[in-house]
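Undergrad: From the sequence below, what's the structure:
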Amino acid sequence: MAKHGKKYLEALTRVNKEQTYAPLEAVALAKETAYTKFDSTIEVHLRMGLDPRQADQQVRDVCVLPHGLGKTVRVLVFAQGEAATKAQEAGADYVADSDEMINKIAAGWTDFDVAIATPEMMGKVGRLGRVLGPRSLMPNPKAGTVCLADDLPRVINEAKAGRVEFRLDKTANIHVPIGKASFDTTKLYENFAALMEAIKKAKPAGAKGSYVKKVTVAATMGPGVKVDPLQAMNIALEK
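TA: Numbers count the residues shown, from 1 in each chain. As a prediction, the model looks like this:
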């Protein structure tokens with residue numbers, strides 16, 4: 001069993017491990033038990049009642065958090081010609097419009113947080129899967145990060161405003177950041193509500209039985225706070 005430090009154990013005393021908390025209370029507690037010297041990220045961890053091996057039980061979508069993530073998001077766009085110009089005008093931090101830039105990424109450069117591409121660039125982008133894939137940076141139509149030139153300004157703005165992608169992993173879990181411990185509780189709660197609304201909308205056709213089994217909120221390295229799953233799924237209705 002992993003040994004935890006004094007600060008973690010102290011934070012743990014404030015959380016009742018046997019209790020499932022109401023969403024607002026859980027978010028407040030996760031914020032309260034953040035103890036790192038840096039500004040901890042508050043994350044939501046969902047245990048789903050889905051089988052990741054089944055094609056009709058996949059979950060992959062995006063959510064725009066109303067209060068963002070509290071960090072500067074660096075956006076790279078794969079585009080050429082007029083689309084590249086639109087990307088630059090919309091505020092893209094980097095535009096990969098040449099083989100030189102694509103070769104730089106192929107060599108391992110990934111100093112960006114979100115990658116967006118126009119459909120005509122996907123042939124070249126596909127060759128970067130070895131670099132982009134493991135870092136979850138590969139543009140994907142399902143996540144809305146492969147888009148037409150006219151949609152680039154909207155997608156770039158959403159990415160910078162706090163657009164998060166969520167997906168079911170191989171262990172049937174979903175992990176999503178919803179902000180920083182320095183956010184006030186109301187902002188974290190509203191980001192949580194936006195995420196849960198998006199999770200509900202993303203329910204796949206093949207889902208059977210309980211869709212969301214467990215919900216936990218935690219700060220970076222902090223103790224997990226269990227949230228009542230039913231209340232979490234209805235959180236959006238309370239706004």
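
Undergrad: Could you chop the chain up by domain?
TA: Annotated domains of the chain cover 7-69+163-238, 75-161 [automatic domain parsing].

Undergrad: which of these has the lowest average pLDDT?
TA: Least confident of the domains of the chain, judged by mean pLDDT, is domain 7-69+163-238 with a mean of 90.

Undergrad: circling back: just send the domains of the chain back as TSV, with mean neighbour count too.
TA: All C-beta atoms are positioned from the backbone trio N, CA, C, and that covers glycine. Listed next are those as TSV, based on neighbours: other C-beta atoms under 10 Å:
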stretch	mean neighbour count
domain 7-69+163-238	18
domain 75-161	17
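
Undergrad: What segments of this structure are helices?
TA: 6-12, 23-32, 82-89, 99-106, 122-125, 129-132, 152-161, 185-201, 229-233 (DSSP state H).

Undergrad: of all these, which lies closest to Ile116?
TA: Evaluated over these, closeness to Ile116 peaks at helix 152-161, with 5.6 Å, by C-beta to C-beta.

Undergrad: Which strands and helices lie in contact with that closest one?
TA: Counting contacts by 3 or more C-beta pairs under 8 Å, 6 or more residues apart in numbering; DSSP states H and E, helix 152-161 packs against strand 60-64, strand 75-78, helix 82-89, strand 114-117.

Undergrad: and the angle from that helix to helix 82-89?
TA: Inter-element angle recorded for helix 152-161 and helix 82-89: 40 degrees (by axes from the mean of the first three to the mean of the last three C-alpha atoms, to 10 degrees).

Undergrad: Contacts made by helix 152-161 with the rest, please.
TA: Residues from elsewhere that reach helix 152-161, judged by C-beta atoms under 8 Å, 6 or more residues apart in numbering: 62, 64, 68, 73, 75, 77, 79, 83, 86-87, 89-92, 113-114, 116, 118, 144-145, 147.

Undergrad: wouldn't Cys147 be in contact with Met121 here?
TA: No. Using C-beta atoms under 8 Å, Cys147 makes no contact with Met121, being 10.9 Å away.
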